[in-house]
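Trainee: Provided below are the primary sequence and the corresponding predicted coordinates.
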Amino acid sequence: MRSGRFIISFEAIARALSEGKAISKILIQKGLPLDVIADIKTLSKRADVPIQMVPVEKLDRLARGKHQGVIAIRSAVNYYRLEDVLPMVYERGEVPLFLALDGVTDVRNVGAIARTVFGAGVHAMIIPSTGTAPLGDDAQTASSDTLSKITVCRHPSIHGAVSYLHLNGIKICSADSSGTVMASEVDFLDPVCLVIGDEEEGVSKAVKSKSDQVIRLPISKPLDSYNVSVAVGMLLYEVMRQRGAMNG
């Protein structure tokens, strides 16, 4: 049985996974027997769809009690493998530009970021399999319907994603208040992946340790940080300025 943004039966979820339908994540009731959820776990792993074990009360709230102990949350986007996207960018003779979101969990921010990513011509927005906002209808609405028009790569971790990109010639630039280099001083003509975290935690230490540069944005008044979607806009403006990709 399907209900809007949810798929709420084992059979329907298994079919959706087998058919490669876009699923953000699967919620499974804690305490269900392993043999009951074995097929879903196998199929979700094969499809790289994260699973979260949750109390039955959460499932009841989402599906108004009409579920079998499992709910799949539909995604507004189809996910791509970073390992497939990067070679295609190089094959087209373009200078790679990626944006990785490290722990950005607010749906409205992710939607606003997607809109900027679309306008700035970013080759792919990279999100982790867990610890990010669900890319469902709310995110699509917040993006003014541009979320489904961009390439989204879901990776097991942002640390792993930037490690892969770094090994393949991509400069990693993490934006953080601890940055020692101004964004305007960075050479964005090189292949680059910008990494940005949420407004409170920022980019994780593990990811910053993998960065070629930790950069910051100008702030003229006492302020801990900009809103994350605003910061993304400022960073991508600088990239577009340097690359001569701006009209007018």
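Mentor: Received it, and whenever you're ready, just let me know what you need. In this text, all values refer to a predicted model and were calculated from it rather than measured experimentally.
Trainee: and Ala112, how far is that from Gly233?
Mentor: Ala112 sits 8 Å away from Gly233, going by C-beta to C-beta, to the nearest Å. The C-beta positions use only the backbone N, C-alpha and C, and glycine is treated the same way.
Trainee: What of Val89?
Mentor: According to C-beta to C-beta, Val89 stands 22 Å off from Gly233.
Trainee: Same question for Leu189.
Mentor: 20 Å.
Trainee: which of these two has more neighbours?
Mentor: Gly233 (18 against 11; other C-beta atoms under 10 Å).
Trainee: now the longest helix along the chain, how far from the centre of its chain.
Mentor: The longest helix of the chain (DSSP state H) is helix 228-243. Helix 228-243 sits 18 Å away from the centroid of its parent chain (C-alpha atoms, centre = their mean, to the nearest Å).
Trainee: Report all helices and strands that that helix contacts.
Mentor: strand 97-102, helix 107-120, strand 192-197 (3 or more C-beta pairs under 8 Å, 6 or more residues apart in numbering; DSSP states H and E).
Trainee: if we go to 10 Å?
Mentor: On a contact count with 3 or more C-beta pairs under 10 Å, 6 or more residues apart in numbering; DSSP states H and E, helix 228-243 meets strand 97-102, helix 107-120, strand 171-175, strand 192-197, strand 213-216.
Trainee: Mean pLDDT for these - can I get that in TSV?
Mentor: Below are the helices and strands packed on helix 228-243 laid out as TSV (pLDDT from 0 to 100):
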stretch	mean pLDDT
strand 97-102	98
helix 107-120	95
strand 171-175	97
strand 192-197	97
strand 213-216	95
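Trainee: and the ones you listed as CSV, adding mean neighbour count and distance to His159?
Mentor: Shown next, in CSV, are those (neighbours: other C-beta atoms under 10 Å; distance: least, C-beta to C-beta, whole Å):
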stretch, mean neighbour count, distance to His159
strand 97-102, 26, 9
helix 107-120, 22, 19
strand 171-175, 24, 11
strand 192-197, 25, 10
strand 213-216, 19, 15
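Trainee: These: which one's closest to Phe6?
Mentor: helix 107-120 (15.8 Å; C-beta to C-beta).
Trainee: Pull out the CA atoms of the closest one and give them to me as CSV.
Mentor: Extracted as CSV, the C-alpha positions of helix 107-120 are listed here (Å, rounded to 0.1, in the frame of the first residue of the first chain):
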residue,chain,number,x,y,z
VAL,A,107,14.9,20.5,4.6
ARG,A,108,14.4,24.2,3.7
ASN,A,109,18.1,24.8,3.6
VAL,A,110,18.8,21.8,1.4
GLY,A,111,16.0,22.9,-0.9
ALA,A,112,17.4,26.4,-1.2
ILE,A,113,20.9,25.0,-1.7
ALA,A,114,19.6,22.8,-4.6
ARG,A,115,18.1,25.8,-6.3
THR,A,116,21.5,27.6,-6.1
VAL,A,117,23.3,24.4,-7.3
PHE,A,118,21.1,24.3,-10.3
GLY,A,119,21.6,28.0,-11.2
ALA,A,120,25.4,27.8,-10.7
